[in-house]
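A.B. asks: Structure of the sequence below:
(one chain, ligands or ions: 1)
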Amino acid sequence: MKVPIIQLNLEEQTVKDVTDVLKSGMWAEGKNVHALEEEFAKYIGAKHARAVNSGTSALLCALYGIGIKPGDEVLVPSFTFIATANTILEFGAKPVFVEAERDTFNMSADDAKKKITKKTRAIMPVHLYGLSVDMDAFNDLAAKHNLKIIEDACQAHGAEFKGKKCGALGDVAAFSLYPTKNMVCGGEGGLVTTNDDAIAERVKLYSNHGQAQKYVHASIGFNFRMQEFNGVIARASLKVLDKNNQKRRENAAFFNDAFKGVDQIETPVVPSSRVHVYHQYTLKVKNRDKLAEHLQKNEIGYGIHYQIPIHEQQSMKNMGITAKLPVTEQLAKDVISIPAHPMLSKEQLDFVAKTIKDFFK
Ligand SMILES: Cc1ncc(COP(=O)(O)O)c(C=O)c1O
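C.D. replies: This is a model prediction of the structure:
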């Protein structure tokens, strides 16, 4: 592959720190995981952070944290990763799929408003590809209808809305540290953030067998703990997050410029209230599948997030969950993400831009 969609980089010092942890034999949650929790909470501007073993676990903890119950409805986008909906179903609650905005790809607050019923308990917007949703609109809806907001910030480490970081904009938030994400941990991991003391307590219990003290169980809970060496790598990754996000923005600006005047390409739209972190740099294009073949032939990595919206997945149909979302369905046919990660060289950027422009000539 000449230009991979993602390239990971570990500093020598981090390798040494991980080796020290491995040699120490202290492998389960320990001082590095706890330091990560403090450092991440401070970075996000949230009162609490809890480190867990995946973004999916973080979503489960967040849902438990707000006290979701069987039969509750949760408003979610369909144009997202499946975990957003599956975690709701795990509690016996129902994901109610909301239309996307064509320009930002994010969940539409206007459509969400139309889907509120007596059973609606929460809204779970996703800051898709690293761009915050319109949080003012969702917070207004939540205040008016007494709903909780869970931010799915799994793709949005460092993203901002009106000067505040995603993860501190609703009641509780979930982040993923999966290896492709802007912030990583050397394997699978996740973080939950909240400003609410009661939610933080429930999240902590749920992620650790409901244990308030050893072998004393105050609530139901499971083992969602983060391993210590993942804590070491996540702390190192947090230190370079802002620098890497800035590089991603520069790469995005380069492509926006390069594709100006190419009628078949729509580049990402960023409303002035928001700071994008380009977890994905995603274009809307004509002839998407043929472009994908062209990129493959030229050894350029790409991603299609998401080819099948959640409401069209067989697993949802099997449960009788359906929706009609024409904007989402069209986006699924038009989107393609191209490499914009911070390790790209100038030559690689030029090569990707030229290869795509040649295709549309
Ligand atoms: C929007 C969204 N939600 C949830 C998840 C789940 O995170 P994880 O894969 O770490 O469990 C992801 C991961 O890709 C995601 O992109």
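A.B. asks: hey, let's count contacts and neighbours off CA atoms from now on
C.D. replies: OK.
A.B. asks: Buried ones in stretch 29-45, by neighbour count?
C.D. replies: For stretch 29-45, the neighbour count (16 or more other Cα atoms under 10 Å) marks Glu29, Asn32, Val33, His34, Leu36, Glu37, Glu38, Glu39, Phe40, Ala41, Ile44, Gly45 as buried.
A.B. asks: Next: stretch 288-305.
C.D. replies: Under 16+ other Cα under 10 Å, the buried positions of stretch 288-305 are Arg288, Leu291, Ala292, His294, Leu295, Asn298, Ile300, Gly301, Tyr302, Gly303, Ile304, His305.
A.B. asks: cool, stretch 199-219 as well?
C.D. replies: Under the neighbour-count criterion of 16+ other Cα under 10 Å, stretch 199-219 has Ile199, Ala200, Arg202, Val203, Lys204, Leu205, Tyr206, Ser207, Asn208, His209, Gly210, Gln211 buried.
A.B. asks: quick one: the residue nearest to Gly158 when sequence neighbours are not counted from Val52, how far?
C.D. replies: Using Cα to Cα, 6 or more residues apart in numbering and skipping the chain neighbours, the partner closest in space to Gly158 is Lys165 (6.1 Å). Using Cα to Cα, to the nearest Å, Lys165 is found at 20 Å from Val52.
A.B. asks: Residues contacting stretch 82-89, please?
C.D. replies: For stretch 82-89, contacts defined as Cα atoms under 8 Å, 6 or more residues apart in numbering pick out Thr56, Leu59, Leu60, Leu63, Val74, Val76, Lys94, Pro95, Met124, Asp152, Ile310.
A.B. asks: pLDDT on that stretch, on average?
C.D. replies: Averaging pLDDT along stretch 82-89 gives 98.
A.B. asks: Ok, stretch 46-62 next?
C.D. replies: Throughout stretch 46-62, pLDDT has a mean value of 98.
A.B. asks: coming back round to it: which one of the buried residues of stretch 288-305 sits closest to the ligand?
C.D. replies: Distances from the ligand to those, taken as Cα to the nearest ligand atom, are shortest for His305 (9.1 Å).
A.B. asks: related to what we said a few turns ago, of Lys165 and Val52, which one has the most company?
C.D. replies: Val52 (33 against 20; other Cα atoms under 10 Å).
A.B. asks: hang on, isn't the more buried one packed against Arg225?
C.D. replies: Yes: with contacts defined as Cα atoms under 8 Å, Val52 counts as touching Arg225 at a distance of 4.8 Å.
A.B. asks: list the residues that contact both of these two?
C.D. replies: What both Val52 and Arg225 touch, as defined by Cα under 8 Å, 6+ apart, is the set Ser207.
A.B. asks: Give the buried residues for the longest helix seen in the chain.
C.D. replies: Longest helix in the chain, counting residues (DSSP state H): helix 241-258. Buried residues in helix 241-258, counted by 16+ other Cα under 10 Å: 241-242, 244-245, 247-249, 251-252, 254-256, 258.
A.B. asks: Over to stretch 95-114?
C.D. replies: 95-101, 104-109, 112-113.
A.B. asks: And for stretch 10-17?
C.D. replies: Those would be Thr14, for stretch 10-17 by 16+ other Cα under 10 Å.
A.B. asks: and for the lowest-mean-pLDDT helix or strand in the chain, what are the contacting residues?
C.D. replies: The helix or strand of the chain with the lowest confidence, counting by mean pLDDT, DSSP states H and E, is strand 211-213 at a mean of 93. Residues from elsewhere that reach strand 211-213 (Cα under 8 Å, 6+ apart): Leu205, His217, Ala218, Ser219, Gly221.
A.B. asks: my guess is the last one meets Glu201, correct?
C.D. replies: No: at 11.9 Å, Gly221 does not count as touching Glu201 under the criterion of Cα under 8 Å.
A.B. asks: Quickly find the element holding Ala62.
C.D. replies: helix 55-65 (DSSP states H and E).
A.B. asks: Check the offset of that helix from the chain's centre.
C.D. replies: With Cα atoms, centre = their mean, to the nearest Å as the basis, helix 55-65 stands 13 Å off its chain's centre.
A.B. asks: does Ala122 sit in a helix, a strand or a coil?
C.D. replies: Three-state assignment for Ala122 (DSSP: H, G, I helix; E, B strand; the rest coil): strand.
A.B. asks: what is it paired to in the beta sheet?
C.D. replies: Val74, Lys148 (DSSP bridges).
A.B. asks: That's all I had, so thanks and see you.
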